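Colleague: give me a 3D structure for the following:
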Amino acid sequence: MARPLPLLLVALAPALAGAAGYFGARFLNPAPAPTAAAAAGHAAPKPDATLPVGTFAVQIYQPRRIDTLVAEVSVTVAGPSEATLQTPQGMARLRDRAYQVLLDAAETPDYRGQDITAAQVARTLAAGLGPAAPGLRGVSVQEAVTMKTPRR
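Modeller: The predicted structure follows:
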């Protein structure tokens, strides 16, 4: 009759050694080194984001004609502010403020003269959007077209 102890050792020894190695490695391996950003206590900064605001149409009333300014606008904001502005409420506030800035500018002499350029619209929006766009880095106007219609 064969003794069961050698057979038991042959069967259980590899299983016990494997379990001991697996769980022992968790205690013997050092923890991964923290990154520089984690060591400083903050995460890496998010890059700036460009958000399309939309197309705006504003009428500029003149004595003998009505000019219609159509501008396609996008804004560049700091990374952390992107989450705030991409909500429906944040985009609605931004669009409302942009319309208000353009409507107010339409009543100034600067917008009643010659054709309005994209750079002029961008400067006006950058100056007026401040509180509505936290973290605003810049305003870009892809296209600004002025259509002139005579009054009847």
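
Colleague: which stretches of this structure have low pLDDT?
Modeller: Along the chain, segments meeting pLDDT under 70 span 1-2, 36-44.

Colleague: in it, spot the strand with the most residues.
Modeller: The longest strand of the chain (DSSP state E) is strand 136-150.

Colleague: and the closest residue to V141 other than its chain neighbours, how far from A15?
Modeller: Spatial nearest neighbour of V141, chain neighbours left out: A118 (4.0 Å); criterion: Cβ to Cβ, 6 or more residues apart in numbering. (Each C-beta comes from the backbone N, C-alpha and C, glycine too.) According to Cβ to Cβ, to the nearest Å, A118 stands 73 Å off from A15.

Colleague: cool, and A106?
Modeller: 81 Å.

Colleague: could you check which of the two has the larger neighbour count?
Modeller: Between A106 and A15, counted using other Cβ atoms under 10 Å, A106 has the larger neighbour count: 18 against 9.

Colleague: what does that one show for phi and psi?
Modeller: Main-chain torsions, A106, degrees, to the nearest 10: phi -60, psi -20.

Colleague: tally of neighbours for P34?
Modeller: Using other Cβ under 10 Å: P34 sits among 9 other residues.

Colleague: and what of L129?
Modeller: Quick note: L129 (other Cβ under 10 Å) scores 19 neighbours.

Colleague: OK, contacts around it?
Modeller: L129 sits next to 75, 94, 97-98, 101, 136, 139 when contact means Cβ atoms under 8 Å, 6 or more residues apart in numbering.

Colleague: also G135?
Modeller: So G135 contacts 77-81 (Cβ under 8 Å, 6+ apart).

Colleague: export stretch 59-78 as CSV, just CAs?
Modeller: The C-alpha trace of stretch 59-78 is given here as CSV (Å, rounded to 0.1, in the frame of the first residue of the first chain):
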residue,chain,number,x,y,z
GLN,A,59,-29.6,94.0,-37.8
ILE,A,60,-27.9,97.4,-37.8
TYR,A,61,-30.4,100.1,-38.6
GLN,A,62,-29.1,103.0,-40.8
PRO,A,63,-31.0,106.1,-42.1
ARG,A,64,-31.4,104.7,-45.7
ARG,A,65,-30.7,101.0,-45.3
ILE,A,66,-30.7,98.1,-42.9
ASP,A,67,-27.4,96.1,-42.6
THR,A,68,-27.6,92.5,-41.4
LEU,A,69,-24.4,91.2,-39.8
VAL,A,70,-24.1,87.4,-39.8
ALA,A,71,-21.1,86.1,-37.8
GLU,A,72,-20.0,82.5,-37.0
VAL,A,73,-18.3,82.6,-33.6
SER,A,74,-16.3,80.2,-31.4
VAL,A,75,-14.5,80.9,-28.1
THR,A,76,-11.3,79.5,-26.5
VAL,A,77,-11.6,78.8,-22.8
ALA,A,78,-9.3,77.5,-20.2
